[in-house]
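Chemist: Next comes the sequence, and after it the predicted model I'd like to discuss.
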Amino acid sequence: MQSKQQFLSQKDLLGIRQLTPDELWLILERAESMKSIVTGQREKSDLLKGKSAVTLFYENSTRTRMAFTMAGTYLGANVADLGVANSSVKKGESLVDTGITLDRMGIDYMIMRHNQSGAAHLLAKNVGASVINAGDGANEHPTQALLDFYTIYEKKGGFKNLKVTIIGDIAHSRVARSNVFGLTKLGTKVTLAGPGTLTAKSMECLGCKVETDLKKAVQDADIVMALRIQMERQKGGLFPNLREYSQIYGIDEALFSYAKPDALLMHPAPVNRGVELMPELMDSSVSVIDQQVTNGVAVRMAILALLNERRAN
Ligand code: CP
């Protein structure tokens, strides 16, 4: 690998947009060293003994919340969940007041998912703890993108000259945005594809290509990444219906055959089986969706460790 940097430059991890290529490599290198703990080949660590982390999820999650919980646990930290649905948030307490309250308890990390873009930035400005953005509205999902980068690195050995095609509900996807920010910094060619109403040509200003012809989009791709249709964020008739969507944009073996012979299939999950991905493809050997989950713990361990080092220096 190739990081020239020893420390992250910020106390928080708010987005891929803010990270330099060296910082991306620093996180990937550390994730590589953490992976053997996740797979049980190495003893769990006490690197974060005495540190405390809290997860604050204003939106639902399985993977991200549990991966952070396991990452902290594997490194010896105390990890607690605020349980937003049963907290004083429900009595109207503001995000900033909630954050300040937790800060006064001496918490070192606040790992937050929120439906408002920029919520993690607001929290970070108001607390001394390291804030990690676990997804904010349609803005960014940096730790998902980092686990995607690590999976690509692990399977393909690098990023330069690879073609990654991302298909689906691009307009509402914080995963797509974070992937575009990072993959373009790492030298990967990114193509976005999906229904015109969910894939604006204007996204090309982010350094990627927007394609409405799915076969052209998938042609010679090294990685095909499907995105979840986010029914909870659809409004204003941007979207026909699930059956129509799956018939036109659902990725099946026939479409996937336009990619390179050694191409891989990724998805951040959860998957709407039979909608954005056909089950026979999802369950085939081209899929690395399960490996993405495992790598998600290693990447989050890397982030917790690096932010701890940043705070100590
Ligand atoms: N990929 C992802 O963010 O999954 P969760 O919503 O389950 O955390």
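Modeler: Everything's here; your move.
Chemist: what are the ranges of the helices in this structure?
Modeler: Along the chain, the stretches classed as helices by DSSP state H are 21-38, 63-74, 95-103, 119-126, 142-156, 174-185, 214-218, 242-249, 253-256, 279-282, 289-312.
Chemist: looking at the ones you listed, which has the lowest confidence?
Modeler: Taking the average pLDDT of each of the helices of the chain, the minimum falls on helix 242-249, with a mean of 88.
Chemist: How about residues contacting that helix?
Modeler: The contact list for helix 242-249, computed with Cβ atoms under 8 Å, 6 or more residues apart in numbering, reads Ile167, Gly168, Gly194, Pro195, Leu214, Ile229, Phe239, Asn272, Gly274, Val275, Glu276. (Each C-beta comes from the backbone N, C-alpha and C, glycine too.)
Chemist: Tell me which of these fall in strands.
Modeler: Under the assignment DSSP state E, those contribute Ile167 to strands.
Chemist: Same list, the contacts of helix 242-249, but only the ones touching the ligand.
Modeler: Among those, no residue is within reach of the ligand (Cβ under 6 Å from any ligand atom).
Chemist: So which of the contacts of helix 242-249 is surrounded by the most neighbours?
Modeler: For the contacts of helix 242-249, the largest neighbour count, defined by other Cβ atoms under 10 Å, is 30 neighbours, found at Gly168.
Chemist: quick one, what contacts that one?
Modeler: Applying Cβ under 8 Å, 6+ apart to Gly168 gives the contacts Ala176, Gly194, Leu198, Ala226, Leu227, Arg228, Ile229, Tyr249, Glu276.
Chemist: Stretch 136-146 and the ligand in contact?
Modeler: Yes - using Cβ under 6 Å from any ligand atom as the criterion, contacts between stretch 136-146 and the ligand involve Gln144.
Chemist: how deep is the closest residue to the ligand within the stretch 201-313 of the chain tucked in, by neighbour count?
Modeler: The minimum distance from the stretch 201-313 of the chain to the ligand, using Cβ to the nearest ligand atom, falls at Pro268 (3.8 Å). The local packing of Pro268 (other Cβ under 10 Å) involves 27 other residues.
Chemist: tell me the centre residue of this structure?
Modeler: For the chain, the residue nearest the mean C-alpha position is Gln144 (1.3 Å; Cα atoms, centre = their mean).
Chemist: Distance of that residue relative to Thr199?
Modeler: In this view, Gln144 and Thr199 are 19 Å apart by Cβ to Cβ, to the nearest Å.
Chemist: What parts of the stretch 201-313 of the chain come near the ligand?
Modeler: Applying the criterion Cβ under 6 Å from any ligand atom, the portion of the stretch 201-313 of the chain that neighbours the ligand consists of Pro268, Ala269, Pro270.
Chemist: Got the phi and psi for the first one?
Modeler: What that stands for is Pro268. Backbone geometry at Pro268, expressed as degrees, to the nearest 10, gives phi -70, psi -20.
Chemist: Just to check, it is in contact with Leu227?
Modeler: Yes - taking Cβ atoms under 8 Å as the contact criterion, Pro268 and Leu227 are neighbours in contact, 7.0 Å apart.
Chemist: residues shared between the contacts of these two?
Modeler: With Cβ under 8 Å, 6+ apart, Pro268 and Leu227 have common neighbours Val175.
Chemist: didn't Thr191 look like it was pressed against Asp213?
Modeler: No - counting by Cβ under 8 Å, Asp213 is not a contact partner of Thr191; they are 10.5 Å apart.
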